[in-house]
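Enquirer: give me a model of this one.
(2 chains)
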Amino acid sequence: MTRDIKRPVPFGRAARAVFDLALEGMVWSRRSLLMVVLVGLPVLVAVAYRVGVAARLTASLTPFALYGDLVVFVYLRNILPLVALFYATALVADEVEGKTLTYLLTRPVPRPAILAGKFAAYAATTLSLALPAVLVTFFVLLTRSTGMSLGAGAPDLFRDLGVLALALLAYGALFTLMGVLLKRPLIPGLLFLYLWELLANLPGYLPRLTLTAYLRSLVRHRPADEGLAEIFGEVLPALLCLEVLAAVVVVCLAAAAWIFSTREYVMDQ
Amino acid sequence: MSATIEFVRASRWYGPVIALNDVSTTLGPGVTGLLGPNGAGKSTFLKLCAGQLAPSQGEVKVLGIPSWGAPELFHRVGLCPEADAFWDQLTGLQFLTGLLRLTGYDEAECRQRAENALHAVALLDAKDRKIGGYSKGMRQRVKLAQALAHEPEVLLLDEPVSGMDPVNRRRVVDLVKKMGREGRTVVVSSHILHEVEAMTRRVLLIHNGRILAEGDVREIRDLMDEHPHTVALRARDPRALAGAVVGLPHVLSLTFGTDGEWVTVQTAKPDELYGNLAAAAEQAGVTEMYSPDENLESVFRYLVAR
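Expert: Next up, the predicted model:
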């Protein structure tokens, strides 16, 4: 293959090469161990529920209602945003802290391709860990022995998987931007998740400034909310939700790529 | 000499700290030693060459192209950074092939080039071991291998032999000299004079962000010979030792350490001092001797003061 040394390596090839380099490090990291624990928690809840049912304990929730609660309150509202926060803010920060960014920045590749490859590795890692956990939760709760039909729940399952994947992408893009913009993005990220995102429970247009409102509107489960959310919870049109979430992904990644391309990274000795 | 690296009134500062100050110089093919004490601005000089930093003022060009914001330059430039940093979970071969893929080679060529580079630094036998399990010297060598695997025209090496054992140090020195002979522009930074001397006679002296001198390393040696040397001696009877050396014509000053065991002698001719010292040392029972001047810092201080 002839290389054109007057130009950087094409974007797609460069991003793929970065993806391959980044993937192994991401999958076999301590962060992934933490993620397995996090995404495994709802599975444990589901197993405990099944054990309780088998022991003929009285359950106040049906299996499907519990599954809906786990999807909306646990995966969508807490676990996946946290997973996105821990992974995506570290996409560049880890390389800076480990001083390995120099190796990537001294290759003939466009800098946005480095970010794209790393984001793709993030998406592959988190999706391949989170979605199977949701599947297992679903199957543990909704089997014949619990009196529920798997077939009846399947459309919801596929929809849930799609929304959860979108959540990982949207939060991931936002936190990638925070990661390249801020030196210490974890605290601002947590504040965003647990203060700003509470706006989703307020009346009027304020919920539209949160990701939660759009993601929550896309799932069919409507678990009983508490407090303000119970009073003001609004379901936004699905098309609007998809458009906004797609825009968040594109705009945040584009901004992150621009910042990453123009910023100097000084690796202290 | 055609210039492959060109600094035109280049300065670089980090906030209020000036790391490189109004530097103008050109470097051409062959090996050039970038010599200076820690914190002199050597790494900043190399980072400017490698497009890791933009000059705050002035211009830095490599192969005729401004180095900042020109990724295509890295087809022809290799950097061996100083930091001991790796993706430790990768093997030596994976590390090199991964980076070569980023340089645009196909799989087969990546592997071939990676193996050639690992062979050049004597790491082929360890190619399938994880870098996390490499010794410090092996890590230094694999870092060097990634810089030269794509056979760059310009090679920037930041303290490349630090932490290496003498055999591998020799190997790397030979490799650097060979690359210089092949017509590549090799810039090697170090704060140890004899390390640089082993690779080249052409040096660039840098101190406090300024180019202090550039030229043949022998000139630096001559300057060092004019520089008053300090020799510290520990003796059982330091006063007897002082009495023996104080009459020597080239001894400039003599001080006693506070612990009563050390004598510090300043001399204009260290070789003569060492020659005359044998008998006195035996009588006074000298147990330890070293020269605090055996580092570049004192030479630079001396040069700056001249």
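Enquirer: point out where chain B drops to low pLDDT.
Expert: By pLDDT under 70, the weakly predicted segments of chain B are B:1, B:220-227, B:271, B:291-306.
Enquirer: that one: strands as residue ranges?
Expert: B:5-14, B:17-27, B:30-35, B:57-62, B:65-66, B:77-80, B:154-158, B:185-190, B:202-207, B:210-216, B:229-235, B:251-256, B:262-267, B:286-290 (DSSP state E).
Enquirer: now for residue 237, how many residues are close by?
Expert: Just so you know, I chose chain A. 10 (other CB atoms under 10 Å in any protein chain shown). Quick note: C-beta positions are derived from backbone N, CA and C, even for glycine.
Enquirer: look at chain B instead
Expert: Neighbours of residue B:237 (other CB under 10 Å): 14.
Enquirer: does it touch residue B:281 like I think?
Expert: No - the pair residue B:237 / residue B:281 is not scored as a contact, 10.8 Å apart, by CB atoms under 8 Å.
Enquirer: ok, residue A:15 - contacts?
Expert: Contact analysis of residue A:15 by CB atoms under 8 Å, 6 or more residues apart in numbering or on different chains lists A:113-114, A:116-117, A:120.
Enquirer: looking at this, it is in a helix?
Expert: Yes - using DSSP: H, G, I helix; E, B strand; the rest coil, the assignment for residue A:15 is a helix.
Enquirer: separation between it and residue A:139?
Expert: 35 Å (CB to CB, to the nearest Å).
Enquirer: how about residue A:131?
Expert: Using CB to CB, we find residue A:131 at a distance of 13 Å from residue A:139.
Enquirer: what about these two, which has more around it?
Expert: Each of residue A:131 and residue A:139 has its neighbours counted (other CB under 10 Å); residue A:131 has more, 18 against 15.
Enquirer: what's the helix or strand for the more buried one?
Expert: Here residue A:131, judged by DSSP states H and E, is contained in helix A:111-141.
Enquirer: show the contacting residues for the nearest residue to residue B:139 once chain neighbours are set aside.
Expert: Spatial nearest neighbour of residue B:139, excluding adjacent residues (CB to CB, 6 or more residues apart in numbering or on different chains): residue B:84 at 5.9 Å. Listed by CB under 8 Å, 6+ apart, the contact set of residue B:84 reads B:136, B:139-140, B:143, B:163.
Enquirer: how about the residues you listed in JSON lines, adding neighbour count?
Expert: Below are these laid out as JSON lines (neighbours: other CB atoms under 10 Å in any protein chain shown):
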{"residue": "B:136", "neighbour count": "12"}
{"residue": "B:139", "neighbour count": "20"}
{"residue": "B:140", "neighbour count": "23"}
{"residue": "B:143", "neighbour count": "24"}
{"residue": "B:163", "neighbour count": "16"}
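Enquirer: which of the residues you listed sits closest to chain A?
Expert: Chain A has its nearest neighbour among these in residue B:143, at 9.0 Å by CB to the nearest CB.
Enquirer: before we move on, back to that, with distance to residue A:69 and mean neighbour count added, can I get the strands of chain B in a markdown table?
Expert: Output for the strands of chain B, formatted as a markdown table (distance: least, CB to CB, whole Å; neighbours: other CB atoms under 10 Å in any protein chain shown):
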| stretch | distance to residue A:69 | mean neighbour count |
| --- | --- | --- |
| strand B:5-14 | 52 | 18 |
| strand B:17-27 | 55 | 18 |
| strand B:30-35 | 64 | 25 |
| strand B:57-62 | 59 | 19 |
| strand B:65-66 | 58 | 15 |
| strand B:77-80 | 53 | 26 |
| strand B:154-158 | 56 | 25 |
| strand B:185-190 | 60 | 26 |
| strand B:202-207 | 65 | 23 |
| strand B:210-216 | 67 | 16 |
| strand B:229-235 | 76 | 20 |
| strand B:251-256 | 81 | 14 |
| strand B:262-267 | 77 | 20 |
| strand B:286-290 | 73 | 13 |
